[in-house]
Structure formats: C-alpha cells, structure tokens
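In: Have a look; sequence and predicted model below, questions after that.
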Amino acid sequence: MTANPQPIYFHNTETNRKEEFHSIEPGHVRMYTCGPTIYDYAHIGNYRAYLFEDVLRRYLQYRGYRVTQVMNLTDVEDKIIRKAQEQGKTIFEVTKPFEQAFFEDLDTLGIERAEYYPRATAHIPEMVALIQSLRDKGLTYEKDGSIYFRVSAFQDYGRLSGNRPDSLKPGARVDADEYEKEEASDFVLWKARKEGEHFWETELGPGRPGWHIECSAMSMKYLGPHFDIHTGGEDNIFPHHENEIAQSEGATGTRFVNYWLHCRHLLVGGEKMAKSKGNFFTLRDLIQQGNHPMALRYFIVSSHYRSPLNLTPEGLKAAHAAWSRIMDFHTRLREGLQSGKSGAFSNDLERAVRTSVQRFEEHMNDDLDTPRAVAALFDLIREANKILDAGPVERGQLQSVSDTLRRIDTVLGVIRPEEPMLDEEIERLIQDRQEARKRRDFAAADAIRDQLAARGIVLEDTREGVRWKRR
Ligand SMILES: [Zn+2]
C-alpha cells in the first residue's frame, strides 16, 4: 500500500451513491463477478462487463490490495438444456467447446484470470445444502416437485432494485431461469426432473438447480458469507442479484455484500445487440473484421463503465488511433533506452510525470473514471513527446518515464509488446489456409485468418491469389 493512500470511491448500486471503499479484511479484497453461460460464443457486450471487472481488479492491485476474485461458469440452465435437446448432446458436450473459447477470448483481450472459475454442475451439493437451509427457515415452498423462494417472507426483498414484494401478486411464480418481469415474483430454486432433461438425484428429489442459486452457493463457498464487492452487468440487478441477496441473507441472516457495482450495456449502432437486428458481434467477429484486440480493449476500458457505450466503426477507428499513440510512445521510450543516448535532466518532464500519475490515481479513485484517467496519460505523452523532440533526456529519467507508463498500464492493460511477425511465418500460415480451404475445412481456414488478424496481418483474396498487408 502507498504511504498516504487516498480513499477509493465506488458507486454502490444498493445505495445509489458513491461510497468510500473499505475492505472487510485489511489489504485483501474478495469479489464475485457473474460469469458467462457457456452455450455459445460470448458477444462483445459480455466482454464489456468482464473488462470493467478486469480494470477494477487491476486497480485494486495497483493500490496494493490482494484480490480474490471468483467468476462462475454457468453450465446448466434453460438455454443449455434447450440446445442439448435440439442437438441430441449432453449438456457437457454443449458447454465444453464454449468454455474453452471463453478462456481463449479472455487471453485475447488481456483479461487477467480470476482466482476461481467454479462450474455450477460441480457445486450441486452446495446448492442443495443452501436450499435446505432456506427450507428450514420457512422461506420456500414446494409445488409439483419444484422448490420456490417465497419472496414475501424475506423482509428486505427489493433493497437493491426497488422491486418490493408488495407488488407480488398471490401465486406469482416463475420457473424460467431468466425473467424480466418488473415485479417481484417467487422464483425457482430447484426444478423438478423433466423428461429428457439432465437431472441430479438429491435429497431434494430428482431435478436440477434454478439459475440464481448457483451464484449464492458458489460465492459464499469461496469468499465466505460476507464479502466486499459483487459485480455484473446492469441487466443482472433484477432479478438475478436481488434474488442472490434474498437467498444468501435468507440463509445466513447476515449481510451478503458491501458494494454492488454494475456496468452499463454496450450498444451497437445505438441499439441493444440482438441476433435478429444483425448488430450482434462476438469478439471473434470483430477481430476478423480487422480490429486489433488491444484497440478493442482500449475502446472499452477508456469509456466509463457506468456510461453508455456505443460501438460504431468511427468509435473503433478513433480508439485504434488513440491506442496507437500509446504504443508509439512505448516504442519511442524503448528505442530511446536501447540507443544508450543520454541528455540533461528535464524539470518539465519530471513535473509532467508527477502530475499525470497524480491525476491518473485521482480519477481512478473516483469510481474508476477511466476516461479522465486516460486523458491524464495522454497529457504525459504529449508533454514528453514535446520534450523528447528537442533532444534526449537523462537516461535514468527516461527509464522512470518508461516505468511510469508500465505502471499505469498494469491497470489499463493495453500495451502488449509483440515481436512483429516474419514474412516467412505469414507466408507459411497463408499456405496452410489455402490447403485448409482446398479440403473444405473452412473452420480451420477461418481460424488461421483470425490468428493473422490478431497479429495485425490483413488478408485479401484476389484473382491472382492471396495478398497480405500489415495494418
Ligand atoms: Zn450470478
């Protein structure tokens, strides 16, 4: 921890205001982040949430905290069951490839790994025990072999989202894992076995868990009944997180989470993404269109997580240009250090470094205000470039500018030093791709194109063959 740490403020959804952050355990932050349902490739909107959580995690580390982060992988719920039935597969056959793809995407975007990625199907006994404890406290009822949470029996229901149980109609009960009703409803904890669906034989009878219960069971298993931060996308607030509070506090009788942080949706062309609107993009789609993964990362992390963000070609272009300026500066510093040239110590540069670090931290402390924090970095880049244009500075000072940039980048995570690909390497991959296409293995061909795109190599299929260029 720094000697005189300034407080960090987070906007807490529960109280709807910025609050000074204090961890329960000194120097250690325990946080839970709702993860993907692994039945398909995650779309770029999902990655907005994971990138916000990555920046949150990185900034806490920057401030000297040890972070224990848990992200669940939902590998049993309605959509997965439906897909398994449609394709005549087991739920594990459906989820396995997408789980792998998810981790590949995290690496592509430079998202740090959480400490735990628990899978719902590996925590059935924990969920059963939690439901039993809710049952013992009179918070549940049973209907046709399914078990529901009785929302009206939990005093505090609605604390997070404002959807109070007084709006509950008698008998309002939902079985679906995801529902968007604007009113409180009794929700399913355990679903009775249905013909053709995967089920577990348990003390609650044969069946499977509802979606909400896994996050309560797994967060409390890995982080304890009371932990610091819980995050998600804004669509998780109700009903999912409201239900998590009811399940967890209903069972333990103690406070579940201190700070709830939620990020806004990512819009595409001003609209919410939907497959039917043709504005639905996976990370892989965007890379295939020629976007550099680090420019995409920059595009998302440089916007404030609670502000609307609209994905447009112009926005991506501007993000690429800004990200390139950071990379150019990084290269300039590296080359300057390699050249071994040294000049005079610059007081102006010293001041620019100090001011920009101070501002960077000030803005990050203010509910992760990344747009202003990034602006502080650009102030430094502009000042430093001006000074370096006039001639080399003292080598030690150049080193400290470089260290500052690296330190700021432990939070932003946009600098990825990469060796440029050799021409032979590119030609060989193009050859492999041509062969894959000849044997009509288009998945393999596309994978090679993606791999090249990720390294900034753009392919162009022409009548004369494949041409390539560096972006
Ligand atoms: Zn969750």
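Out: Cool, the structure landed.

In: any idea which element whichever residue of the stretch 201-350 of the chain sits closest to the ion lies in?
Out: Closest contact between the stretch 201-350 of the chain and the ion, by CB to the ion, is at Cys215 (3.3 Å). For the C-beta atoms, the positions are set from N, CA and C on the backbone; glycine is no exception. Cys215 belongs to helix 212-223 when assigned by DSSP states H and E.

In: What of Ala251?
Out: Short version, using DSSP H and E: Ala251 is in helix 242-252.

In: Using PDB, list the CA coordinates for that helix.
Out: The C-alpha coordinates for helix 242-252 follow below in PDB (Å, rounded to 0.1, in the frame of the first residue of the first chain):
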ATOM      1  CA  GLU A 242     -31.900  -9.200  -5.900                       C
ATOM      2  CA  ASN A 243     -32.500 -13.000  -5.700                       C
ATOM      3  CA  GLU A 244     -28.900 -13.600  -4.700                       C
ATOM      4  CA  ILE A 245     -29.300 -11.300  -1.700                       C
ATOM      5  CA  ALA A 246     -32.600 -13.000  -0.700                       C
ATOM      6  CA  GLN A 247     -31.100 -16.500  -1.000                       C
ATOM      7  CA  SER A 248     -27.800 -15.700   0.800                       C
ATOM      8  CA  GLU A 249     -29.100 -13.400   3.600                       C
ATOM      9  CA  GLY A 250     -32.200 -15.500   4.000                       C
ATOM     10  CA  ALA A 251     -29.900 -18.500   4.700                       C
ATOM     11  CA  THR A 252     -27.200 -16.900   6.800                       C
END
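
In: Report the inter-axis angle for whichever helix or strand comes after it versus helix 212-223.
Out: Later in the chain than helix 242-252, the nearest helix or strand by DSSP H and E is strand 257-263. Angle, strand 257-263 to helix 212-223, by axes from the mean of the first three to the mean of the last three CA atoms, to 10 degrees: 120 degrees.

In: ok, for whatever residue of the stretch 51-200 of the chain ends up closest to the ion, nearest residue in space, not its chain neighbours?
Out: Closest residue of the stretch 51-200 of the chain to the ion, CB to the ion: Asn72 (6.0 Å). Using CB to CB, 6 or more residues apart in numbering and skipping residues adjacent in sequence, the residue nearest Asn72 is Gly35, 4.7 Å away.

In: Could you tell me how far stretch 391-403 lies from the centre of the chain?
Out: Centroid separation between stretch 391-403 and its chain, computed with CA atoms, centre = their mean, to the nearest Å, is 35 Å.

In: I'd guessed Glu115 sits against Thr68; true?
Out: Yes: with contact defined as CB atoms under 8 Å, Glu115 counts as touching Thr68 (5.1 Å).

In: ok, back up a step: for the residue of the stretch 201-350 of the chain closest to the ion, what are its contacts?
Out: Neighbouring residues of Cys215 by CB atoms under 8 Å, 6 or more residues apart in numbering: Tyr32, Cys34, Asn72, His240, Glu244.

In: re earlier: so after the helix holding Cys215, what's the next helix or strand?
Out: strand 227-233.

In: Summarise which helices and strands the helix ranked longest in the chain is packed against.
Out: Longest helix of the chain, by residue count under DSSP state H: helix 313-339. For helix 313-339, the elements it packs on are helix 293-301, helix 370-389, helix 395-412, judged by 3 or more CB pairs under 8 Å, 6 or more residues apart in numbering; DSSP states H and E.

In: Quick one: closest of the ones you listed to the ion.
Out: helix 293-301 (20.8 Å).

In: got the angle between the closest one and helix 370-389?
Out: Going by the same axes, to 10 degrees, helix 293-301 makes 130 degrees with helix 370-389.

In: Identify the residues contacting helix 293-301?
Out: 44, 47-48, 51-52, 54-55, 108-110, 266, 283, 286-287, 309, 311, 315-316, 319-320, 322-324, 326-327, 370, 412-416, 454.

In: make it 6 Å
Out: By CB atoms under 6 Å, 6 or more residues apart in numbering, the list of residues contacting helix 293-301 from outside reads 48, 51, 55, 108-110, 316, 319-320, 323, 370, 412, 414, 416, 454.

In: And stretch 312-330, by the same measure?
Out: Contacts for stretch 312-330 (CB under 6 Å, 6+ apart): Asn291, Ala295, Tyr298, Phe299, Ile381, Val414, Ile415.

In: Identify the farthest-apart pair in those.
Out: Asn291 and Ile381 (22.2 Å; CB to CB).

In: neighbour-wise, which of these two wins?
Out: Asn291 (23 against 19; other CB atoms under 10 Å).

In: count of residues packed around the spatially closest residue to Leu56 that is not a sequence neighbour?
Out: Distances taken as CB to CB, 6+ apart place Leu368 nearest to Leu56, at 6.3 Å, with adjacent residues excluded. Counted by other CB under 10 Å, the residues lying close to Leu368 total 23.
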